[in-house]
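Peer 1: Sequence and computational prediction follow.
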Amino acid sequence: MTEEKKDVIQETDEQAITLARSLIRSARYGALATLDPETGAPMATRVAVATDLDAAPLILVSALSAHTAALLADPRCSLLLGEPGRGDPLAHPRITLHCRAEKLERGTPEHIRAERRYLNRQPKAKLYASFNDFSFFRLEPTGASLNGGFARAYLLKRSDLVSDSPALAGLEESEQRAIDHMNSDHSDAVAAYARHFAKAKHGDWKLTGIDPEGIDIASGDEVKRIDFAEALQDAADVRKKLVEMARQARDSA
């Protein structure tokens with residue numbers, strides 16, 4: 001009698017979705033896999049990443065790269081995110097996103113937004129982002145495979161990975177003004193966010209992103225993700241949310 005094969009895939013729950021989104025939002029680098037247009041063989045490379053407002057990954061690549069040619073010939077690709085920590089690297093969470101790449105044309109609202117958010121996350125890229133042979137691509141997730149650690153494997157749908165919040169449109173207009181205001185006039189609040197919510201060490205913490213589900217902060221090459229207790233439904237609520245978080249952080253000090 002043949003033994004029935006055990007299904008190792010767990011039922012996707014809110015905890016898995018939260019972990020997946022955290023891995024995507026907090027990543028600075030990942031492994032991009034494309035298909036060689038000449039041979040069809042898979043190729044992998046390391047890329048710097050950021051996320052669009054809805055959490056779709058963004059990359060900046062050179063026209064001289066083999067991976068750029070591969071994406072233009074066949075937009076199917078995958079992106080592995082998740083950094084190993086101490087001990088066994090295979091014991092740490094990671095996610096493989098299945099995506100379709102879209103080149104963003106210069107001057108379009110999509111390109112302007114992607115460039116702004118990418119350079120907030122990857123400020124060193126300002127040295128070459130404007131070069132004519134560099135292009136931004138948005139990697140549209142179609143699904144994902146999440147490994148949350150030993151015996152914690154999940155399959156996720158697009159709707160598990162990206163936000164469809166009604167606050168997205170408003171944030172496209174107001175996000176950068178809020179970031180600049182917080183960093184110039186309320187750096188003490190940003191430091192309090194880092195200390196209280198991210199349990200981060202002392203540093204020159206800057207706000208680098210605001211989206212419907214939380215904020216991104218960075219100090220040098222270290223980045224932290226802080227999720228809101230409840231997702232935004234209206235971009236106008238950002239100020240109230242940030243003020244409340246600052247109060248909570250200071251009251252706990």
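Peer 2: Yep, it's here.

Peer 1: Can you tell me which helices and strands the biggest strand by length in the chain packs against?
Peer 2: Assignment by DSSP state E gives strand 134-147 as the longest strand of the chain. Other elements packing on strand 134-147 under the criterion 3 or more Cβ pairs under 8 Å, 6 or more residues apart in numbering; DSSP states H and E are helix 14-26, strand 57-62, strand 94-103, helix 109-121, strand 153-157, helix 158-161. Every C-beta, even on glycine, is put in place using the N, C-alpha and C of the backbone.

Peer 1: Output the ones you listed as a markdown table; include the columns mean neighbour count.
Peer 2: What follows is those, written out as a markdown table (neighbours: other Cβ atoms under 10 Å):
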| stretch | mean neighbour count |
| --- | --- |
| helix 14-26 | 18 |
| strand 57-62 | 21 |
| strand 94-103 | 20 |
| helix 109-121 | 18 |
| strand 153-157 | 17 |
| helix 158-161 | 18 |
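
Peer 1: what comes into contact with stretch 125-136?
Peer 2: Residues outside stretch 125-136 that contact it (Cβ atoms under 8 Å, 6 or more residues apart in numbering): 48, 58-64, 68, 103-104, 111, 114-115, 118-119.

Peer 1: Any stretches of the stretch 151-253 of the chain with poor pLDDT?
Peer 2: For the stretch 151-253 of the chain, the stretches with pLDDT under 70 are 253.

Peer 1: about what we covered before: who does the longest strand of the chain pair up with?
Peer 2: Strand 134-147 pairs in its sheet with strand 57-62 (antiparallel), strand 94-103 (antiparallel), strand 153-157 (antiparallel), by DSSP bridges.

Peer 1: I215: which of the helices and strands packed on strand 134-147 is closest?
Peer 2: helix 14-26 (9.6 Å; Cβ to Cβ).

Peer 1: quick one: the closest one to chain centroid distance?
Peer 2: 10 Å (Cα atoms, centre = their mean, to the nearest Å).

Peer 1: Can you report the mean pLDDT over the residues of the next helix or strand after it?
Peer 2: Remark: after helix 14-26, the chain's next helix or strand is strand 29-35, criterion DSSP states H and E. For strand 29-35, mean pLDDT is 97.

Peer 1: for stretch 83-99, same thing?
Peer 2: Rounded mean pLDDT across stretch 83-99 is 85.

Peer 1: quick one on the thing from earlier: as CSV, the helices and strands packed on strand 134-147 with distance to G40 would be great.
Peer 2: Formatted as CSV, these follow (distance: least, Cβ to Cβ, whole Å):
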stretch, distance to G40
helix 14-26, 28
strand 57-62, 20
strand 94-103, 17
helix 109-121, 29
strand 153-157, 25
helix 158-161, 25
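
Peer 1: Nearest to A189 among those would be which one?
Peer 2: helix 109-121 (17.6 Å).

Peer 1: Output the contacting helices and strands for that closest one.
Peer 2: Going by 3+ Cβ pairs under 8 Å, 6+ apart, helix 109-121 lies up against strand 42-51, strand 57-62, strand 134-147, helix 168-185, strand 206-211, strand 214-219.

Peer 1: and of those, who's closest to K124?
Peer 2: Short answer: strand 42-51, nearest of those by Cβ to Cβ, at 8.7 Å.

Peer 1: I9 pairs with what?
Peer 2: Beta-bridge partners of I9, as defined by DSSP bridges: A153.

Peer 1: any idea how far D251 is from it?
Peer 2: Counting by Cβ to Cβ, to the nearest Å, the gap from I9 to D251 is 42 Å.

Peer 1: And E222, by the same measure?
Peer 2: In this view, E222 and D251 are 25 Å apart by Cβ to Cβ.

Peer 1: who has more neighbours, these two?
Peer 2: E222 (14 against 9; other Cβ atoms under 10 Å).
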